[in-house]
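A.B. asks: Everything below, folded, please.
(chains A and B, ligands or ions: 2)
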Amino acid sequence: MAIFGVPLQAMFGQLLLGLVNGSFYAMLSLGLAVIFGLLNIINFTHGAVYMMGAYAAYILMTVLGIGYWPALVLAPLAVGIFGMVIERTMLRWLYKLDHLYGFLLTFGLTLVLEGLFRSVYGVSGQPYPVPDLLRGATDVGFMTLPNYRAWIVVASLSVCLITWYVIERTKLGAYLRAGTENPQLVQAFGINVPLMVTLTYGFGVALAAFAGVLAAPVIQVNPLMGSNLIIVVFAVVVIGGMGSILGSILTGLGLGIVEGLTKVYYPEASSTVVFVIMAIVLMVRPAGLFGREK
Amino acid sequence: MGTVDALDTSRHAELLRVANLHAFYGESHILHGIDFVVNRGEVVTLLGRNGAGRTTTLRAILGLTGTRAGSILINGRETIGMATHEIAHLGVGYCPEERGIFASLSAEENLLLPPAVASGGMSVDEIYTMFPNLRERRSSPGMRLSGGEQQMLAIARILRTGAKLLLLDEISEGLAPVIVQTLGRVIRTLKERGYTIVIVEQNFRFAAPLADRHYVIEHGRIVEAVTMAELDKKMHKLHVLLGI
Ligand SMILES: Nc1ncnc2c1ncn2[C@@H]1O[C@H](COP(=O)(O)OP(=O)(O)OP(=O)(O)O)[C@@H](O)[C@H]1O
Ligand SMILES: [Mg+2]
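C.D. replies: Ligands and ions are numbered 1, 2, ... in the order given. All right, here's what the predicted structure looks like:
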C-alpha cells in the first residue's frame, strides 16, 4: 500500500523520525519559553547545555561507570546546577537591560562552552550505547517501531505534559505565571522571586540537558550537536510565539512532523521547510501562532 | 473574629516609622527625606498633587524603588536593608496603584496567590462575604474583571495573608461613586478589625472621613501633617496645598 506513491512503511518511518525530532524541538523550545517568560532572556546557551547533557551522560558512563538510567536524572541535575551558577553570577545583572545583552552574553558563553568541549573531545563525536532495555524494535503491524525512538517520544512528551500541568494548574505554576507578568508585585507579596528565577533557569537548562541525554544514543555525542539543533529550535520558537507553554510544545511537535513529511514528499526542502514556515508566519502573525499580539 | 493582632507579642505602638527616607529611580532623586509615623490601628493618608511622590513612598517602604536610604521601622524592626519579600513577611500587604491583577490568572487564583505572611488572615469565605461580586466572578480571567472588581480583588487578596499593615494606593481612582462608597465601608470595617492602613489618595473627600491623620507630600517631602481634630482649622491650607 502507498500514499501518493510513497510506501506506507517508509512514510510511517519518516513520520516517527519527525515525531522524534519534534520531541526535541518541543523540550528545547519549552525551556526557552519558560526562561524567556520569567527572566526576559533569550537563552542562546540552550544548545550548549543540551550538548553538555549528552556529555554529562557520556562522562558518567566512561569515567564513573554510571549507566543510562541514572544519567537520565544525574546529568540534568548537574547541568541544571551549572545553569543556576551562571544565572547567579552573570545573567542576574542583565535583567533590566535590553534582550540583546542577554542574547549576546549567552551567545558568547555558547562559544566558550563549545570551544572547551571541542578542545577536550575533538569534533568527531563519541558513541553512546542504547540501553539494553530499549534495544531492538517492536513489530506494531503497520511498521517496525524502533524501541528507543518510541521511548524518546514517550519520555519527552511526558516531561512536556508534566511541565505544562505544573505551570498551568498548580500554585507553584501560578507564582511562575504571575512572576512572568509582574515579578516586582509577586515579590512584594512575599515570594522570594530571585530564588524562583534561579530555579526556573536551572529547570529550563535541566530540561535541555535531559533532551541531550535522550539524544545521546541516537546521535554521535559531539560538541556541535547543540548548535545544529538550536537554530531550528529558535525558528520553532518564532513560529510558536514566545511565552506560550502549550504553544511551544505543540509547535515543536508539529514542525517535527512537517519536516518528516517533507522528507518523504520533497526531500530537497526538508532542511529549509521550517524556515519557510517561519517567514510565512512572520508575515501573517508576527507574534507567532500562539503569541499574544502586543 | 477579634482584633487581628491579639496574639502579637512584640507589639510596638508605632507599627510604621519612616525617618529621613530618600529614594531614587535610577539617577532621579524622588524622595528627599520623608518622615512620618503610623500607629497601630490607625488609618493615615498620604495626600499630594500628581507626581508628589506618594506612590514612590509606598514603593520605597517595600523596597521596590531603586536605591533608598534613611530608616523604615516596621513593628520596631529596621527594614531599609531588607529584600522586598522579607519586608512582606513582616506583615505588610500592598495594593498597587495600577491594581496589579494578573491577567493570566483567574480571579480566584489571583485571590489565592499571595502567600500567608502572618497568622490571623481572613478566610476565603469571609472575603467573599465582604466582596460578594468576587464570588460570582471567581473563575473569570483576571483581565475580564471590571475596574471595580479588579480593585476589590486587589484589596481582597491581601486580606487573606494575615498582613496587618496595609498600603493602599489610589483605591478610589476611576471608580463609580457607588463602588467608592463600598470601598469606604470596607476601610471602616478593616479599621474596626484592628488593621493599620496607609492610604494614598487623590480624592480628599473619600479619604477625609476615614483617616485619623493626613500627611501632605510635595516634591518628595512631607510639608504638612493634619490630625482629624485639626481638619476644620487647616482645611483652607489643605485646599491650597492640594489645589482642590
Ligand atoms: N519608575 C520611575 N522612574 C523614574 N521616575 C519615576 C518613576 N516612577 C515615578 N517617577 C517620578 O517620581 C515622581 C513621583 O512619582 P509618584 O508616582 O510617586 O507620584 P504620586 O505622588 O504617586 O502621583 P501620581 O500617582 O498622581 O502620579 C514623579 O515625578 C515621577 O515622574
Ligand atoms: Mg501615585
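
A.B. asks: got the CA coordinates for stretch B:40-58 in CSV?
C.D. replies: Taking Å, rounded to 0.1, in the frame of the first residue of the first chain, the C-alpha atoms of stretch B:40-58 are listed here in CSV:
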residue,chain,number,x,y,z
ARG,B,40,-1.1,50.5,65.3
GLY,B,41,-4.8,50.6,64.3
GLU,B,42,-4.6,54.0,62.6
VAL,B,43,-5.7,55.0,59.2
VAL,B,44,-3.3,57.5,57.8
THR,B,45,-3.4,59.2,54.3
LEU,B,46,-0.6,60.4,52.2
LEU,B,47,-2.0,63.3,50.1
GLY,B,48,-0.4,65.4,47.4
ARG,B,49,-0.6,66.5,43.9
ASN,B,50,0.3,64.4,40.9
GLY,B,51,3.9,63.4,40.9
ALA,B,52,4.5,64.5,44.5
GLY,B,53,6.0,61.1,45.5
ARG,B,54,3.2,59.3,47.3
THR,B,55,3.4,56.1,45.2
THR,B,56,7.1,56.2,45.5
THR,B,57,6.8,56.4,49.3
LEU,B,58,4.8,53.2,49.4
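
A.B. asks: Low-confidence stretches in chain B?
C.D. replies: Counting by pLDDT under 70, the ranges of chain B that qualify are B:1-11.

A.B. asks: out of all of them, which helix in chain B is the longest?
C.D. replies: Longest helix in chain B, counting residues (DSSP state H): helix B:177-192.

A.B. asks: Past that helix, which element shows up next along the chain?
C.D. replies: Using DSSP states H and E, the helix or strand that follows helix B:177-192 towards the C-terminus is strand B:196-200.

A.B. asks: coming back round to it: which positions within the longest helix of chain B qualify as buried?
C.D. replies: Across helix B:177-192, burial judged by 16 or more other Cβ atoms under 10 Å in any protein chain shown covers B:179-180, B:182-184, B:186-187, B:190-191. Every C-beta, even on glycine, is put in place using the N, C-alpha and C of the backbone.

A.B. asks: quick one: stretch A:178-189 near ligand 1?
C.D. replies: No. Stretch A:178-189 stays clear of ligand 1 (Cβ under 6 Å from any ligand atom), getting no nearer than 10.5 Å.

A.B. asks: if we can go back for a sec, helices or strands up against the longest helix of chain B?
C.D. replies: When contacts are defined as 3 or more Cβ pairs under 8 Å, 6 or more residues apart in numbering or on different chains; DSSP states H and E, helix B:177-192 packs onto helix B:147-159, strand B:196-200, helix B:204-207.

A.B. asks: again, only using 7 Å
C.D. replies: Applying 3 or more Cβ pairs under 7 Å, 6 or more residues apart in numbering or on different chains; DSSP states H and E, one finds that helix B:177-192 contacts strand B:196-200.

A.B. asks: quick one: the strand it packs on to helix B:177-192, angle?
C.D. replies: Counting by axes from the mean of the first three to the mean of the last three Cα atoms, to 10 degrees, strand B:196-200 lies at 150 degrees to helix B:177-192.

A.B. asks: Check the offset of strand B:196-200 from the chain's centre.
C.D. replies: For strand B:196-200, the separation from the chain centroid amounts to 4 Å (computed by Cα atoms, centre = their mean, to the nearest Å).

A.B. asks: Alpha carbons of it, as PDB, please.
C.D. replies: These are the backbone C-alpha positions of strand B:196-200, laid out as PDB (Å, rounded to 0.1, in the frame of the first residue of the first chain):
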ATOM      1  CA  THR B 196      -3.400  49.600  60.300                       C
ATOM      2  CA  ILE B 197      -3.800  51.300  56.900                       C
ATOM      3  CA  VAL B 198      -1.900  53.800  54.900                       C
ATOM      4  CA  ILE B 199      -3.900  55.200  52.000                       C
ATOM      5  CA  VAL B 200      -2.500  57.300  49.200                       C
END
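
A.B. asks: For that strand, which residues meet the burial criterion?
C.D. replies: So, applying 16+ other Cβ under 10 Å, buried residues of strand B:196-200: B:196-200.

A.B. asks: Now tell me what touches the longest helix of chain B from outside.
C.D. replies: B:43, B:130, B:148, B:155, B:171-172, B:197, B:206, B:210 (Cβ atoms under 7 Å, 6 or more residues apart in numbering or on different chains).

A.B. asks: Which one of the residues you listed sits in the busiest neighbourhood?
C.D. replies: Within these, neighbour counts (other Cβ atoms under 10 Å in any protein chain shown) peak at B:Ile171, which reaches 25 neighbours.

A.B. asks: Which members of the contacts of helix B:177-192 are the farthest-apart pair?
C.D. replies: B:Val43 and B:Gly148 (21.1 Å; Cβ to Cβ).

A.B. asks: need the contact list for A:Val205.
C.D. replies: Counting by Cβ under 7 Å, 6+ apart, A:Val205 touches A:49, A:79-80, A:83.

A.B. asks: near ligand 2, which of those show up?
C.D. replies: Checked against ligand 2 using Cβ under 5 Å from the ion, these give no members in range.

A.B. asks: hmm, back to that, I'd like the contacts of helix B:177-192 written out as CSV, with distance to B:Leu113 added.
C.D. replies: Shown next, in CSV, are the contacts of helix B:177-192 (distance: Cβ to Cβ, whole Å):
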residue, distance to B:Leu113
B:Val43, 25
B:Met130, 18
B:Gly148, 20
B:Ile155, 14
B:Ile171, 19
B:Ser172, 24
B:Ile197, 21
B:Phe206, 27
B:Leu210, 27
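
A.B. asks: wait, which of those residues is closest to ligand 2?
C.D. replies: Comparing these against ligand 2 with Cβ to the ion places B:Ile171 closest, at 11.5 Å.

A.B. asks: so what's the closest one up against?
C.D. replies: Applying Cβ under 7 Å, 6+ apart, we find B:Ile171 in contact with B:95, B:151, B:155, B:183, B:199.

A.B. asks: which residues does B:Ala156 contact?
C.D. replies: Taking Cβ under 7 Å, 6+ apart as the criterion, B:Ala156 is in contact with B:111, B:127, B:131, B:134.
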